[in-house]
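Trainee: What would the 3D arrangement of this be:
(chains A and B)
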Amino acid sequence: MSFFNSGTFWFIEGILCCLAATGFKYWMEDRGVKLTWWKWGLVTLWIAFTGFVLAFIGVSIGENEMQAAQMAALIFGLIAVIAAVIVWRLLHLKDKNTANSKT
Amino acid sequence: MKKKTFNFHRRQFLKATGAASAVLGGTGIGLFGIRSGKDPMTYSGTESLQGMTQNFNRSKYEVDTPTYKKVGETSRIDARTEVIFARMPRFGQQWDDEKGLDSLDPILKKYYQDHPEDLELDLHLRKEIFPKMRQDKKKYGDEFILAEAWSNAMGAVWPRGYNKPPEETDFPHPKYGRKQPLELESPEMTAKLIKKMGHEFGSTLVGICKLNPEWVYKHPMRGRGFDTEAPLDVPSHWEYAIVVGTPMEWDAFYANPNYGTSHDSYAKSRIVAYRMAAFIKELGYAARAHTPGTDYDLVVPPILIDAGIGEQGRHSVVITPELGSNFRPAIITTNIPMAVDKPIDFGVQDFCKTCKICAEQCPSGAITMGDKENIKGYKRYALNVSKCHNFWYSNLGNIGCRLCVAVCPYSRKSNWLHKTALQVTANDPTGITHSTLTEMQKRFYPAPDVKDYYIPSLGGKNASYRKPPWWLRTRDFIKLKKEQS
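Mentor: Residues are numbered from 1 along each chain as shown, chains lettered A, B, ... in the order given. Presented below is the predicted three-dimensional model:
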């Protein structure tokens, strides 16, 4: 078993995820974006999909299936980028409650 | 002077750490993917003798009736002529161009009179393909020295087999063996024990079923010879069939038809089967091993279906959930009472209906692109065995082809990506994922033009589905006398 299949790897991945989420929260706050539960949900879905794309590309490279890696990068990568743009715009939507409380 | 607050630094630090973590985490996922793709642990079927390789939850997909359908009058197979490995050596020895059909013994003669298309193909092999294959082997064959050496070494262990009828060979030794069968706790416990032993003996998958006498050859060869006219009465002690089997080496398997071999898993499955037969005899019961390549008294695929090992695909090979088509089985017929498994239906019939990749990639055109037909009373996809067999000698390297097995979308290593795809297809009643995954397979995993698989003298380029693994590239290890193109 290699490091990348070990429990240690996934433990470190978990820590990195938590740190990334914390940093993301502060960053969004500095931009004046309040992260509600559904925004966190969207971000989580995007991260899961992007993780899938990266792992798909990786598996294909590992299996020496370069065309599969390229196609995955092209098709799923493009979907991930488009999804990122959509999620980003949704994150900046004013939350109804927040908007009401300001008026 | 305004004092800088620590809070600002903390936020910046956390943001920077978050960004770095995101990059590191993403990189980690990518590296995990690469490792998953290369991981030897995903070379499913060879990593464990503990039964961990039989890891598909079959109980969810069990069905009461097998996935093959009886649609008419059935008849047992006459191995003397319908099994090509019995027919071809006799044909090769007897055929005389001048005498034609009259040079053949009555059994062969009648077969070819009834099947002139097979005579044409068998003669084509003899007159056209063999000479060109020999000629090209001299010219290009050195590329495959290591592949052939590896294959022959893998096939070097071959138990002696049976040269007497089942009544004489299947029971414990009359002098040294157990005189009475041991009393067993229960059929369920015996099945559990047999399966555990199967894995311990080296089998990747183990299944048990009652033996349907229709699967036994009408004229089996072993211990009876070619000339016998009397059909075999299925021995009463062949009550159950135990299925065992192992996969072929994955990297060489993807480099078919030239570099792969059947001998590695043939030999492993043979050893498992003979061990299992010996184990059962030790308990005082009868057992007989039916092993690859040709030492069978029965037809294997339907027994695999009955035992819940898998389903028969368009290419006639049984597709298993764990190994796809990459499974070389052996059977043990026995009378030890066991609880039996149920057939399974995990979506292969629907998938094969539309996929057709094996048929498209079959260089010989032996696999039908059409629908299922009534073959000997059962509805199944037709396979032109003679066309298939002719291609075995139309490529160099190891004898055989195995391309249909290699290109089958089910035949993928057991990493998370392919296992997820399997679970999705097995649980999708709409068929949407079937067509999506088939399309992905065609676009993501390219294959050579089918003509290129042939030897140059037959218009090809000695192509393989994938490049050979590093340990089968002859030029990297052996100084060849002359350069071959």
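Trainee: for residue B:108, what are its contacts?
Mentor: B:81, B:87, B:90-91, B:94 (C-beta atoms under 8 Å, 6 or more residues apart in numbering or on different chains). In this view, the C-beta of every residue, glycine as well, is placed from N, C-alpha and C.
Trainee: and the residues you listed, which are buried?
Mentor: B:81, B:87, B:90-91 (16 or more other C-beta atoms under 10 Å in any protein chain shown).
Trainee: how about the residue of chain B found nearest chain A, what does it touch?
Mentor: Closest approach of chain B to chain A (C-beta to the nearest C-beta) occurs at residue B:18, with a separation of 1.2 Å. Contact partners of residue B:18, counting by C-beta under 8 Å, 6+ apart, are A:19-24, A:26-27.
Trainee: Now with 7 Å, please.
Mentor: Under the criterion of C-beta atoms under 7 Å, 6 or more residues apart in numbering or on different chains, the neighbours of residue B:18 are A:19-20, A:22-24, A:27.
Trainee: of all those, which comes closest to residue B:169?
Mentor: In terms of C-beta to C-beta, no member of these lies closer to residue B:169 than residue A:20, at 67.2 Å.
Trainee: show me the residues around the closest one that make contact.
Mentor: Applying C-beta under 7 Å, 6+ apart, we find residue A:20 in contact with B:18, B:21-22, B:25.
Trainee: who wins for most neighbours among these?
Mentor: Greatest neighbour count in the contacts of residue A:20, by other C-beta atoms under 10 Å in any protein chain shown, goes to residue B:21: 24 neighbours.
Trainee: Which helix or strand contains that one?
Mentor: Per DSSP states H and E, residue B:21 falls inside helix B:6-38.
Trainee: for residue B:248, same thing?
Mentor: With secondary structure defined by DSSP H and E, residue B:248 is part of neither a helix nor a strand.
Trainee: Make sure it is actually in contact with residue B:265.
Mentor: Yes. Assessed by C-beta atoms under 7 Å, residue B:248 is found in contact with residue B:265 at 4.7 Å.
Trainee: neighbour-wise, which of these two wins?
Mentor: More neighbours surround residue B:248 than the other of residue B:248 and residue B:265, with 29 against 26 (other C-beta under 10 Å).
Trainee: if we can go back for a sec, now the helix holding residue B:21: buried residues?
Mentor: Of the residues in helix B:6-38, those buried (16+ other C-beta under 10 Å) are B:11, B:14-15, B:17-18, B:21-22, B:24-26, B:28-38.
Trainee: Make TSV out of the contacts of residue A:20 and add distance to residue B:235 and pLDDT.
Mentor: Formatted as TSV, those follow (distance: C-beta to C-beta, whole Å; pLDDT from 0 to 100):
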residue	distance to residue B:235	pLDDT
B:18	72	88
B:21	68	89
B:22	68	90
B:25	63	89
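Trainee: May I ask which two of those are separated the most?
Mentor: Farthest pair in those, by C-beta to C-beta: B:18 and B:25, 10.1 Å.
Trainee: Strand partners (parallel or antiparallel) of the following helix or strand past the helix holding residue B:21?
Mentor: Using DSSP H and E, the next helix or strand after helix B:6-38 towards the C-terminus is strand B:69-70. Here strand B:69-70 is paired, per DSSP bridges, with strand B:378-380 (antiparallel).
Trainee: Just the buried residues of the partner strand, please?
Mentor: Buried-residue list, strand B:378-380, by 16+ other C-beta under 10 Å: B:378, B:380.
Trainee: after that strand comes which helix or strand?
Mentor: Next along the chain after strand B:378-380, taking DSSP H and E as the criterion, comes helix B:385-392.
Trainee: Would you mind pulling up the elements that the next helix or strand after that next one packs against?
Mentor: Counting by DSSP H and E, the element after helix B:385-392 in chain order, helix or strand, is helix B:403-407. The contact analysis (3 or more C-beta pairs under 7 Å, 6 or more residues apart in numbering or on different chains; DSSP states H and E) places helix B:403-407 against helix B:357-361.
Trainee: now the helix or strand following the helix it packs on: mean pLDDT?
Mentor: Using DSSP H and E, the helix or strand that directly follows helix B:357-361 along the chain is strand B:373-375. Across strand B:373-375, pLDDT averages out at 94.
Trainee: again with stretch A:82-96
Mentor: Across stretch A:82-96, the per-residue pLDDT values average to 88.
Trainee: before we move on, what about stretch B:238-255?
Mentor: The average pLDDT within stretch B:238-255 is 96.
Trainee: just stretch B:450-465 next, same as before
Mentor: Averaging pLDDT along stretch B:450-465 gives 96.
Trainee: first vs last residue of it, how far apart are they?
Mentor: 10 Å (C-alpha to C-alpha, to the nearest Å).
Trainee: again with stretch B:99-116
Mentor: For stretch B:99-116, the end-to-end distance is 16 Å (C-alpha to C-alpha).
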